[in-house]
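[1] Fold the stuff below for me.
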Amino acid sequence: MLRPIVYQNAGYLMINRRPAEGQFSSLRLGLRKVLHRGRDSAFITLVDRPAPSVEALKLLRESFLHSRPEQTWAVVPEFKGKHGHPYIASREMIEAFLRAPQGSTARDVEHANQSKILYVPVADPNIAANLNTLEEYENWKLEQEPK
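    Below you'll find the predicted structure:
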């Protein structure tokens, strides 16, 4: 059960009661809750991504905390030239997601604000892994086994 793990780590769980409205509607629902809870930033990730390393998360956090807020709206990890997840969005980026026109995507908003994104190289291949199928997941698991 996911709920106890989320709550014991001071997180909160949102359920999109209208998933047919698409992935972006789920993101916006969660981000409204972030602001409602008085937070000014959020780690954002997709559900089909493996967990990143603690080191990668720390590097992203430190990069975000030491960036200039007026210049950096998001900190995005990059592995071998591929952008990935999770990334950190500031209040400005969160508001850009929430103001986006109906029918927009997260990618549309990110591309529109490209100059406000700081890309941080990380040594963790999991940030670029995208596991959409059982085959991709099985291949990823094989790659994780010690050699």
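[2] For the residue nearest to the spatial centre of the chain, give me the pLDDT.
    Against the mean C-alpha coordinate of the chain, by C-alpha atoms, centre = their mean, the closest residue is Ile44 at 2.3 Å. pLDDT, Ile44: 91.
[3] for Val109, same thing?
    Looking at Val109, the pLDDT reads 96.
[4] ok, what's across the strand from the residue nearest to the centre of the chain?
    Per DSSP bridges, the residues bridged to Ile44 are Tyr87.
[5] now stretch 81-97: mean pLDDT?
    Here the average pLDDT along stretch 81-97 is 95.
[6] How about stretch 20-32?
    92.
[7] neighbouring contacts of it?
    With C-beta atoms under 8 Å, 6 or more residues apart in numbering as the test, stretch 20-32 has contacts from 14, 16, 18-19, 42, 44, 46, 89, 94, 97-98, 100, 104-106. The way it works is simple: take the backbone N, C-alpha and C, and place the C-beta from them, glycine included.
[8] Recalculate using a threshold of 6 Å.
    Met14, Asn16, Ile94, Phe97, Leu98, Thr105, Ala106 (C-beta atoms under 6 Å, 6 or more residues apart in numbering).
[9] Same check on stretch 42-55?
    With C-beta under 6 Å, 6+ apart, stretch 42-55 has contacts from Val34, His85, Pro86, Tyr87, Ile88, Ala89, Asp124, Asn126, Ile127, Ala129, Leu131, Asn132.
[10] wait, what's in contact with the third one?
    With contacts defined as C-beta under 6 Å, 6+ apart, the neighbours of Pro86 are Phe43, Ile44, Thr45.
[11] could you redo the last one with a cut-off of 8 Å?
    Phe43, Ile44, Thr45, Arg49, Pro52, Leu57, Leu60, Pro77, Ile127.
[12] Ok, the second one next?
    By C-beta under 8 Å, 6+ apart, the contact set of His85 is Ile44, Thr45, Leu46, Arg49, Pro52, Pro77, Ile127.
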